[in-house]
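Peer 1: pasted the sequence and its predicted model underneath.
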Protein chains: 2
Amino acid sequence: MDIVILLYKGFTALDVVGPYEVLSRLPNAVVKFVAKQKGIIESEYSSMKMVATHTLEEIENADILMIPGSTTAFLNVVKDAETLHHVQRIDATTQWTISVCSGAVLLAAAGLLKGKAATTHWGLLDMLSKFGANPVAERYIQHGKIITAAGVSAGIDMALYLTKAVAGEAYAKMVQLIIEYYPEPPINISDFSAVPKEVEEAARAFFKKEMMKMNIAAAAMN
Amino acid sequence: MDIVILLYKGFTALDVVGPYEVLSRLPNAVVKFVAKQKGIIESEYSSMKMVATHTLEEIENADILMIPGSTTAFLNVVKDAETLHHVQRIDATTQWTISVCSGAVLLAAAGLLKGKAATTHWGLLDMLSKFGANPVAERYIQHGKIITAAGVSAGIDMALYLTKAVAGEAYAKMVQLIIEYYPEPPINISDFSAVPKEVEEAARAFFKKEMMKMNIAAAAMN
């Protein structure tokens, strides 16, 4: 099972590693980390760096293509026709194409979500409509071979769902047990609607600040 | 807030990145990834590589020291007096010393858990007793400035607990919202006792095979 994970400067680390830790345990999994260039790729905080083992160019096909998100850097990739072209090209060969967080915006920008139900980080749902997708606020959602997940940690839930689809429920449970994924968040936020207003506003202010750093109209986040 | 995260050949990626994604958002967080040598460090599956930004030697002090686990590679570090010495030395300067999964065995081997309540991956609890700790099967547990977490994904819960302790509940909730951590595992395993026996046996067989690859008596896992 060839699993190809896109890296790009500014990716969110947990978007990559949450699904990776699950999917790398699929039977016969071979995971390739790909980017425009091989070598060290900085995540959104520069001290966290991962390594691209292959260039996008080198990838002819994949069973699973995974596109991670980022707080702001995905907006650079939206404008990068070369990367979007490779995403389209590899997607044409996959059994599954999946995204985490704002990775869905990249799938949408590559024209792969037109008319499809899809999800992304709660702060970015509107952006999906701009590219012709039908945004839904779900933890993850499947439309044909495409599965999009909500923000960051939702990628873990999505990857377990995909593991169940690929290798069966008993296998998915085994992986869940190996990574001890029976979460007990110490602070109870059962879903977005349970989030206090002032906490939501603090989070929106955080995103706005990040966007400003990139010189992007803060309005894009509203 | 200086956060120092240990890397070593064979680390489990989500042990590192789960807590990282939470703790890197602490106010004024500066995260350093440290290893014996700077540069690229392979995780337990060799295609996933991260980068050590500093050597252990270079670290004089830290506010938070984080020790990740691994399926088998931690057993090499248990025998590595130099790394254990640096763990002791840096721990002497910290406000918090934390571990994920078998990282607790490294803290124990460094003599930092003697007589203390601690947890680790469910498959390794007995190993903590061998180093004089009092193993408990909890998602995470605090003893003074030391917090140990259970396997892999438990590090996310533990890091949110620590964020609450350091920066308050509203701040921890904001981080939780940013990373959308209100998990909905698609397969319901509410806790270890809810795991079917055959799934547990499959997981134990998986670990045994990994141990055999390392030429370590499989008995160590029982």
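Peer 2: Received it, and whenever you're ready, just let me know what you need. Every value quoted in this text rests on a predicted model; they were computed, and no experiment measured them.

Peer 1: confidence score at A:Asn188?
Peer 2: A:Asn188 carries a pLDDT score of 81 in this model.

Peer 1: distance of the spatially closest residue to it that is not a sequence neighbour from B:Gln176?
Peer 2: Closest residue to A:Asn188 apart from its sequence neighbours, by Cβ to Cβ, 6 or more residues apart in numbering or on different chains: A:Ala194 at 7.6 Å. Bear in mind the C-beta positions are built from the backbone N, C-alpha and C, glycine included. For A:Ala194, the distance to B:Gln176 under the criterion Cβ to Cβ, to the nearest Å works out to 11 Å.

Peer 1: and the helix-or-strand element of chain A with minimal mean pLDDT, what does it pack against?
Peer 2: Lowest by mean pLDDT, DSSP states H and E among the helices and strands of chain A is helix A:197-213, with a mean of 85. Packed against helix A:197-213, as judged by 3 or more Cβ pairs under 8 Å, 6 or more residues apart in numbering or on different chains; DSSP states H and E, are the following elements: helix B:169-178.

Peer 1: got the buried residues for the helix it packs on?
Peer 2: Neighbour counts over helix B:169-178 (16 or more other Cβ atoms under 10 Å in any protein chain shown) mark B:171-178 as buried.

Peer 1: so what touches that helix?
Peer 2: A:151-152, A:185-187, A:189, A:192, A:195-196, A:198-200, A:202-203, A:206-207, B:22, B:25, B:27, B:160, B:163-164, B:182 (Cβ atoms under 8 Å, 6 or more residues apart in numbering or on different chains).

Peer 1: got a PyMOL select line for the buried ones in these?
Peer 2: Restricted to buried positions by 16+ other Cβ under 10 Å, the PyMOL selection for the contacts of helix B:169-178 reads:
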select buried, (chain A and resi 151+152+185+186+187+189+195+199+200+202+203+206+207) or (chain B and resi 22+25+160+163+164+182)
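
Peer 1: picking that back up, overlap in contacts of A:Ala194 and B:Gln176?
Peer 2: With Cβ under 8 Å, 6+ apart, A:Ala194 and B:Gln176 have common neighbours B:Tyr182.

Peer 1: give me the phi and psi for the most centrally placed residue in chain A.
Peer 2: Chain A has A:Val100 as the residue nearest its centroid, 1.9 Å off, counting by Cα atoms, centre = their mean. The phi/psi pair for A:Val100 (degrees, to the nearest 10) reads phi -120, psi 140.

Peer 1: helix, strand or coil for the residue lying closest to it once chain neighbours are set aside?
Peer 2: Nearest residue to A:Val100, sequence neighbours excluded (Cβ to Cβ, 6+ apart): A:Gly155, at 3.6 Å. Three-state assignment for A:Gly155 (DSSP: H, G, I helix; E, B strand; the rest coil): helix.

Peer 1: residue contacts, the residue sitting furthest away from the middle of chain A?
Peer 2: Largest separation from the mean C-alpha position in chain A: A:Glu198, at 26.7 Å (Cα atoms, centre = their mean). For A:Glu198, the contact set (Cβ under 8 Å, 6+ apart) comprises B:Ala170.

Peer 1: chain A: helices as residue ranges?
Peer 2: Per DSSP state H, chain A carries helices over the ranges A:13-23, A:74-78, A:81-91, A:103-109, A:125-130, A:154-167, A:169-178, A:197-213.

Peer 1: how much space separates A:Gly18 from A:Met212?
Peer 2: Counting by Cβ to Cβ, the gap from A:Gly18 to A:Met212 is 28 Å.

Peer 1: double-check A:Met66 against A:Val100; I have them as touching.
Peer 2: Yes: assessed by Cβ atoms under 8 Å, A:Met66 is found in contact with A:Val100 at 7.4 Å.

Peer 1: overlap of the contact sets of those two?
Peer 2: Residues touching both A:Met66 and A:Val100 (Cβ under 8 Å, 6+ apart) are A:16, A:19.

Peer 1: show me the contacts for the closest residue to A:Pro68 other than its chain neighbours.
Peer 2: With Cβ to Cβ, 6+ apart as the criterion, A:Pro68 has its nearest non-adjacent residue at 3.6 Å, and that residue is A:Asp15. Neighbour list for A:Asp15: A:68-70, A:100-101, A:103, A:152, A:155 [criterion: Cβ under 8 Å, 6+ apart].

Peer 1: from these, which single one is nearest chain B?
Peer 2: Lowest distance from chain B to the contacts of A:Asp15 (Cβ to the nearest Cβ) belongs to A:Val152, with 4.0 Å.

Peer 1: for that closest one, give me the pLDDT.
Peer 2: At A:Val152, pLDDT is 95.

Peer 1: apart from its neighbours in sequence, what residue is nearest it?
Peer 2: Closest residue to A:Val152 apart from its sequence neighbours, by Cβ to Cβ, 6+ apart: B:Ile179 at 4.0 Å.

Peer 1: surely that neighbour is in contact with A:Gly151?
Peer 2: Yes: using Cβ under 8 Å, B:Ile179 is in contact with A:Gly151, at 6.5 Å.

Peer 1: what's the mean pLDDT across stretch A:72-91?
Peer 2: What stretch A:72-91 shows for mean pLDDT is 96.

Peer 1: ok, now stretch A:18-25?
Peer 2: 97.

Peer 1: distance between that stretch and the chain's centre?
Peer 2: Mean-position distance between stretch A:18-25 and its chain equals 13 Å (Cα atoms, centre = their mean, to the nearest Å).
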